[in-house]
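Trainee: Mind looking at a prediction? Sequence and model below.
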Amino acid sequence: MIYSAHKVDQKVVQISKINESLKDLRSRHIDMRTKVTSLSKITRVSDEVKRLGLTNSIDAPFKIEKQN
């Protein structure tokens, strides 16, 4: 009976540690998702591209179709 109580206590401690780890991972996931979302915005991408010396295209995009 003492052994069982000790094992239960160990499991409770282990579950507590896992829950804390899960909370940390969730918050890190939200932070990373927010950063990726902000990096993928068109204004942010255009600012980064301008630093590389590239500009927006003057010509409109067109579709290339393969002829049979």
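Mentor: Looks like it arrived, so ask away.

Trainee: Just give me the residue closest to the centre of this protein.
Mentor: Compute the mean C-alpha point of the chain, and by CA atoms, centre = their mean the closest residue is residue 33, 3.5 Å away.

Trainee: Can you check which helix is longest in the protein?
Mentor: The residue-count maximum for a helix in the chain (DSSP state H) belongs to helix 2-39.

Trainee: roughly how far is that helix from the heart of the chain?
Mentor: On the basis of CA atoms, centre = their mean, to the nearest Å, helix 2-39 sits 18 Å off its chain's mean C-alpha point.

Trainee: now do stretch 61-68
Mentor: 35 Å.

Trainee: likewise stretch 51-64?
Mentor: 28 Å.

Trainee: same thing with stretch 49-57?
Mentor: Distance of stretch 49-57 from the chain centroid (CA atoms, centre = their mean) equals 26 Å.

Trainee: Next, the contact list for residue 31, please.
Mentor: Residues near residue 31 by CB atoms under 8 Å, 6 or more residues apart in numbering: none. Using the backbone N, CA and C atoms, a C-beta is placed for each residue, glycine as well.

Trainee: Now do it against residue 12, distance only.
Mentor: Residue 31 sits 29 Å away from residue 12 when distances are taken as CB to CB, to the nearest Å.

Trainee: tell me, how many neighbours does residue 4 end up with?
Mentor: As a burial measure, residue 4 scores 8 neighbours (other CB atoms under 10 Å).
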